[in-house]
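Undergrad: Quick check, what structure comes out for this input:
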Amino acid sequence: MKHYFRIEFNRAFYNKAMLISLLLGCGLSIWHFLDYIWPIREFVLSSEYPLSSFDRWLGGESYSFQSSLYYLVLPILCALPYSASWVFDYSTGYAGQLIVRNSHNGFVRVKYLMAFLSGAFVAVFPLLFDFCLTNLYIPAICPQKGYGLSPIVDYGIWAGYYYTHPLLYLLAYLTLDGVFFGLLNTLSFTVSNFNRNRFFVKFVPFLVYILLYAIGNSLGYFAMCPAGFLTPSQRFVTTWPWIIGYIVFLLLSCGASIYYTERQETGLI
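TA: Numbering: from 1, shown residues only. As a prediction, the model looks like this:
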């Protein structure tokens, strides 16, 4: 399994698609900085109460076009580097060559692990980049509830930590985003067992993501929309049963797919 890990790690993280995903994500961050942060930099030197970077970075506000666009296309960015590799390995015979030399089950598990890690990395890295970039011009002061400058309401997820330990809140939310988008990215591999079209399997996480958003908006039940509650600014406030339910469902889907794939060895050769 260690042999597979080294090979697949290099395939997942050292490729042009990974570079393109990161450049697009960081490009949206720079656009957000120039359009939303740079114009208000002088406000820091005024006599008014200073703005906080926790309220103004890409994930900390819900008003800019760049923030909405980033969380809209994020499943596509996460899927670009690695999600179609299963189809490639099957169609070229690459998987069969590795499996006959080493463990089949180890290969399957490492593939899913790399899908998760690559998706989580693409989701979180541009957000960290944007937060650091924002802090170059806006101080990271603790948000104050009474001034009405912060988007987090009292009944929001981890709202208490946002107003007392905002950095802990930020790290917790980035972890949540990484876990969710990493698991969402594994759906491409699940679908790859039944569909060998590379473009389709890359868009599966996005289609599921948008479908949930469309259903939530149509029913007026915004708490079920990942595109809203996964933003640290909590564009849509959700509840823990929805978050836990989604994560459990994605874990079960991933586990069932691994179980199925490990018993379909001849389908890979």
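Undergrad: Which parts of the stretch 51-200 of the chain are helices?
TA: 53-56, 65-79, 85-92, 94-99, 104-134, 159-164, 166-185, 187-192, 198-219 (DSSP state H, counting those that start in this stretch).
Undergrad: I'd like these as CSV, with mean pLDDT appended.
TA: Shown next, in CSV, are those (pLDDT from 0 to 100):
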stretch, mean pLDDT
helix 53-56, 91
helix 65-79, 95
helix 85-92, 82
helix 94-99, 73
helix 104-134, 93
helix 159-164, 91
helix 166-185, 96
helix 187-192, 91
helix 198-219, 94
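Undergrad: Figure out which of those helices is closest to Thr231.
TA: Distance to Thr231, taken as C-beta to C-beta, is lowest for helix 65-79 among the helices of the stretch 51-200 of the chain, at 5.5 Å. Where you see a C-beta, it was placed from the backbone N, CA and C, and this is true even at glycine.
Undergrad: Run the angle between that closest one and helix 198-219 for me.
TA: Relative orientation of helix 65-79 versus helix 198-219 (axes from the mean of the first three to the mean of the last three C-alpha atoms, to 10 degrees): 140 degrees.
Undergrad: when you compare where helix 65-79 runs with where helix 166-185 runs, what's the angle?
TA: Here helix 65-79 runs at an angle of 50 degrees relative to helix 166-185 (the same axes, to 10 degrees).
Undergrad: Now helix 65-79: buried residues?
TA: Buried residues in helix 65-79, counted by 16 or more other C-beta atoms under 10 Å: 66-67, 70-71, 73-79.
Undergrad: and if you look at stretch 220-237?
TA: Applying a neighbour-count criterion of 16+ other C-beta under 10 Å, one finds 222, 224-236 buried in stretch 220-237.
Undergrad: Out of these, which sit inside helices?
TA: Per DSSP state H, helices hold the following members of the buried residues of stretch 220-237: 226-229.
Undergrad: hmm, back to that, could you redo the buried residues of stretch 220-237 as a markdown table and give each row distance to Gln264 and pLDDT?
TA: Shown next, in a markdown table, are these (distance: C-beta to C-beta, whole Å; pLDDT from 0 to 100):
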| residue | distance to Gln264 | pLDDT |
| --- | --- | --- |
| Phe222 | 39 | 91 |
| Met224 | 33 | 93 |
| Cys225 | 34 | 94 |
| Pro226 | 30 | 94 |
| Ala227 | 33 | 91 |
| Gly228 | 37 | 91 |
| Phe229 | 35 | 93 |
| Leu230 | 33 | 95 |
| Thr231 | 38 | 95 |
| Pro232 | 40 | 94 |
| Ser233 | 43 | 93 |
| Gln234 | 41 | 93 |
| Arg235 | 40 | 91 |
| Phe236 | 39 | 92 |
